[in-house]
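Q: Mind folding the following:
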Amino acid sequence: MTQTPGVGSPALPEALDAPPALRACLFALAGVRFAVDVRSAREVVLFDEITTVPLAPRHLVGVANLRGTVMPIVDIRALLDLPVEQLGPSVRTLVLRAGPLQAAVVVDAVLGLEPFEEISPPVPGDPGPSAPGRRRFGAGYVRWGAESVLLLDAPKILEALRPHQLRPGSGTAEE
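A: Take a look at the predicted model:
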């Protein structure tokens with residue numbers, strides 16, 4: 001015997017176990033909360049020993065050994081138009097990866113992993129992130145309690161941190 005859906009059978013709940021639209025790692029940097037897609041966030045690491053790199057760009061704090069891998073430690077405050085601060089001897093980082101690019105980004109605190117049902121797209125001219133850097137690297141907003149938190153585009157950030165590539169045949173760095 002077959003039943004016709006909706007006739008004599010209870011209605012099936014819609015999307016009972018539907019996965020959230022996004023799982024994000026929330027963190028604080030210079031008193032501002034940010035989120036990044038967990039697919040780009042690998043781990044949280046506290047580095048106590050950092051080797052400085054002579055003549056490195058300002059954002060490169062140094063490098064450290066992470067289980068046999070030389071990990072660049074970067075401070076993205078300037079990219080996000082946040083005040084740059086003097087760092088102590090040890091730094092807490094969030095390791096981000098996008099394809100072959102990987103770096104440990106300095107953070108003040110990691111606030112946790114959260115599921116989010118909805119990502120609000122950035123609106124052109126939105127005064128939300130007032131700084132151009134935050135607009136440039138923002139992928140949208142997630143709602144965390146009563147607060148809208150900027151979701152950062154990790155691949156864009158990592159790409160912006162890449163060393164300048166040599167122009168073919170010139171031997172000089174591109175600007």
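Q: Distance check, the residue nearest the centre of the chain against Ala28.
A: Nearest to the mean C-alpha position of the chain, by CA atoms, centre = their mean, lies Val36 at 3.7 Å. Between Val36 and Ala28 the computed distance is 12 Å (CB to CB, to the nearest Å). The C-beta positions use only the backbone N, C-alpha and C, and glycine is treated the same way.
Q: Equivalent analysis for Thr51, please.
A: Here Thr51 is placed at a distance of 26 Å from Ala28 (CB to CB).
Q: How about Val70?
A: Per CB to CB, Val70 is found 27 Å from Ala28.
Q: Looking at these two, which has the bigger crowd around it?
A: Taking neighbours as other CB atoms under 10 Å, Val70 and Ala28 compare with Ala28 leading, 13 against 9.
Q: wait, the more buried one sits on Ala109?
A: Yes - judged on CB atoms under 8 Å, Ala28 makes contact with Ala109 at a distance of 4.6 Å.
Q: So for those two, which residues contact both of them?
A: Taking CB atoms under 8 Å, 6 or more residues apart in numbering as the criterion, Ala28 and Ala109 do not both touch any residue.
Q: Can you give me the buried ones in the host helix or strand of Leu158?
A: Leu158 is part of helix 154-161, with elements assigned from DSSP states H and E. Residues of helix 154-161 classed as buried by neighbour count (16 or more other CB atoms under 10 Å): 154-155, 157-158, 161.
Q: by contact count, what packs against the helix or strand bottoming out on mean pLDDT in the chain?
A: Every helix and strand in the chain was compared by mean pLDDT, DSSP states H and E; the lowest is helix 132-137, with a mean of 80. Helices and strands touching helix 132-137, by 3 or more CB pairs under 8 Å, 6 or more residues apart in numbering; DSSP states H and E, are helix 154-161.
Q: How about the secondary structure of the spatially closest residue to Val107 that is not a sequence neighbour?
A: Excluding the flanking residues, the one nearest Val107 by CB to CB, 6 or more residues apart in numbering is Phe27, at 4.4 Å. Assigned with DSSP: H, G, I helix; E, B strand; the rest coil, Phe27 falls in the strand class.
Q: How many residues are close by Phe27?
A: By other CB under 10 Å, the residues close to Phe27 number 24.
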